[in-house]
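>>> here is my input, please return the structure:
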Amino acid sequence: MADHLPLEFAQLVAIEAIAQAARAHQPPPLPPPLHLLPSIYRPDCAANDRVRLWFGPNPPPSSFLTRDPLFAYLRELGANNSLAVQTNYGSALRKYHLFCDLFSVEEHRRLPSSFAILQSSSLRTIGTIGTDTVLKYLSAVSTWHVVQGFPRPLLPQQLEEVKFTLKGLARIMPTRKRPPRPPMTINNLRAIKLQLDLTSQFDSAVWAILLCGFFGMMRLGELTTKKKDSFVEEEGLRRRDYEIGRDREGTGYGILRLRRAKTLAVGGGTQDVFITQQEDLCPMQAVNHLQQLVGGVDVDVPLFSWSKDGVVRPVTRSSFLKRVNGILIAAGINITFGHSLRIGGATFYLSEGRPVELVRIAGRWKSLAFELYIRAFELSVEPLETSSEVPSARLG
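Next comes the predicted model:
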């Protein structure tokens, strides 16, 4: 039963159990590498044994005339001696299951796998490793199927389609140093909120940044500063840069006027980001709550700020990451911030049925990176956020 629970639910349960530790503001100093979620189907073993010892809940189809154990023994003996570099297979299998964990692919859908899952996992790696390496990973997953007694998961024409797509993307997208970040989800946000002390100015500032970044699809550098004394130099968001308006129906919305952004030309004025009223996770309420806590009437102080010893300070990127990642790491959630917040908001809007082009424009994307995320999202068998517990969102 545990293997079929949604990943976000398992994370929520785990994070509630570490409330006291998280509130102590004592996160581990550095985020650990991504870890596979525990599973009876993936016993702890050496990398070169994974292709044999890792399995799934589905029984393989019968491939013998009788149940004589001799046939099964001979088949296993032949399969094991046919394997080449088993360590490479083990590394590829680990990456495959990490992808499945991050995108909440249930155990029974991993073996046998599907064209949608395998192509999605392939597209997520493009730009981080070469096309040949991606195809080797697919070959390893295919071999794993055979060793476990299943047919190869990709038909020849499906493999050709994957090759064709990867070849084209490799021509126009340079290799990245790191893979795309897994997206933040609504349930992740709710889990983080449980551990934040919203009577604290700093935690309230962190919460406002999370919601504005998620629903506004903003870059973390647009919401935080590199150093506590570089706010003016970086032209960070001030209180005067936040305005509230109402649409024709009388519904309130907020405008964040960026003076400095990645897609804003030098001397090009400002760039507006719209945030709208949500239900239980409302960025406008979070900003209003923060301003009431910090107090004061100076409109030139940082919008996302907190005071210490009577001095109003901006939230730095490092302090924000330390606080949020401390909660996530303690809960064993395989997310570290970068574009996780930004792409999480985009993924949420897409799962709500918002037009792809509208999401791209609202998120101010101009590069191929957005198309890669969208392609992987569309090929997922089930979207990340499709349950009725997700609140209906307004986009701009």
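
>>> rest of the way, CA atoms for contacts and neighbours
Fine.

>>> let me know the secondary structure of Leu293.
helix (DSSP: H, G, I helix; E, B strand; the rest coil).

>>> got the contact list for Thr199?
For Thr199, the contacting residues are Leu293, by C-alpha atoms under 8 Å, 6 or more residues apart in numbering.

>>> what about the nearest residue to Pro302 once chain neighbours are set aside, distance to Pro314?
Nearest-residue entry for Pro302: Arg238, 4.4 Å, with adjacent residues in sequence omitted and distances by C-alpha to C-alpha, 6 or more residues apart in numbering. Going from Arg238 to Pro314 by C-alpha to C-alpha, to the nearest Å gives 10 Å.

>>> out of those two, which sits in the busier spot?
Shown here are Arg238 and Pro314; by other C-alpha atoms under 10 Å, Pro314 has more neighbours (27 against 22).

>>> ok, that one touching Thr225?
Yes. Contact criterion C-alpha atoms under 8 Å: Pro314 and Thr225 qualify, at 7.0 Å.

>>> pLDDT at the residue nearest to Pro302, what is it?
At Arg238, the predicted lDDT confidence score is 88.

>>> overlap in contacts, Arg238 and Pro314.
302-304.

>>> picking up where we left off before, overlap in contacts of Pro314 and Thr225?
Counting by C-alpha under 8 Å, 6+ apart, the contacts common to Pro314 and Thr225 are Phe231.

>>> from Leu194, how far off is the nearest residue to Ser113 once chain neighbours are set aside?
Computed as C-alpha to C-alpha, 6+ apart, the closest residue to Ser113 that is not its neighbour in sequence is Pro153, at 6.0 Å. For Pro153, the distance to Leu194 equals 41 Å [C-alpha to C-alpha].

>>> who's more crowded, these two?
Pro153 (22 against 16).

>>> tell me which element the more buried one is part of?
Following DSSP states H and E, there is no helix or strand that holds Pro153.

>>> quick one: the helices in the stretch 251-396 of the chain?
Taking DSSP state H, counting those that start in this stretch to define them, one finds helices in the stretch 251-396 of the chain at 283-294, 317-331, 340-351, 356-362, 368-379.

>>> tell me the most buried of these?
helix 340-351 (a mean of 24; mean count of other C-alpha atoms under 10 Å).

>>> tell me the mean pLDDT over that helix?
Helix 340-351 comes out at a mean pLDDT of 82.

>>> for His289, list the residues it contacts.
Contacts of His289 by C-alpha under 8 Å, 6+ apart are Ser204.

>>> Arg248 in helix, strand or coil?
coil.

>>> distance of the nearest residue to Leu154 once chain neighbours are set aside from Phe231?
Residue nearest to Leu154 in three dimensions, not counting chain neighbours: Phe115, with 6.2 Å by C-alpha to C-alpha, 6+ apart. The gap separating Phe115 from Phe231 is 48 Å, by C-alpha to C-alpha.

>>> and for Ile333?
Ile333 is 31 Å from Phe231, where distance means C-alpha to C-alpha.

>>> likewise Ser121?
The gap separating Ser121 from Phe231 is 39 Å, by C-alpha to C-alpha.

>>> between these two, point out the one with more neighbours.
Ser121 (24 against 20).

>>> I'd say that one and Phe99 touch.
Yes. The pair Ser121 / Phe99 is scored as a contact, 6.4 Å apart, by C-alpha under 8 Å.

>>> what sits up against stretch 207-227?
Counting by C-alpha under 8 Å, 6+ apart, residues outside stretch 207-227 touching it are 184, 189, 193, 196, 231, 234, 236-237, 258, 260-261, 273-276, 281-283, 286-287, 290, 304, 314-318, 320, 338-339, 341-346, 362-363, 395.

>>> could the C-alpha coordinates of it be exported in CSV?
Output of stretch 207-227 as CSV, limited to C-alpha atoms (Å, rounded to 0.1, in the frame of the first residue of the first chain):
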residue,chain,number,x,y,z
TRP,A,207,6.8,32.7,3.2
ALA,A,208,5.9,35.8,1.1
ILE,A,209,8.9,35.1,-1.1
LEU,A,210,7.8,31.5,-1.6
LEU,A,211,4.3,32.4,-2.6
CYS,A,212,5.2,35.4,-4.8
GLY,A,213,7.9,33.3,-6.5
PHE,A,214,5.6,30.3,-7.1
PHE,A,215,2.4,32.1,-8.3
GLY,A,216,4.4,34.9,-10.0
MET,A,217,6.8,32.4,-11.6
MET,A,218,9.7,34.6,-10.5
ARG,A,219,13.4,34.0,-10.3
LEU,A,220,14.8,33.8,-6.8
GLY,A,221,17.3,36.6,-7.7
GLU,A,222,14.4,38.9,-8.3
LEU,A,223,13.1,38.3,-4.7
THR,A,224,16.3,38.2,-2.7
THR,A,225,19.7,39.9,-2.6
LYS,A,226,23.1,38.4,-2.8
LYS,A,227,24.3,40.2,0.3
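
>>> having no further points to raise, I will conclude here.
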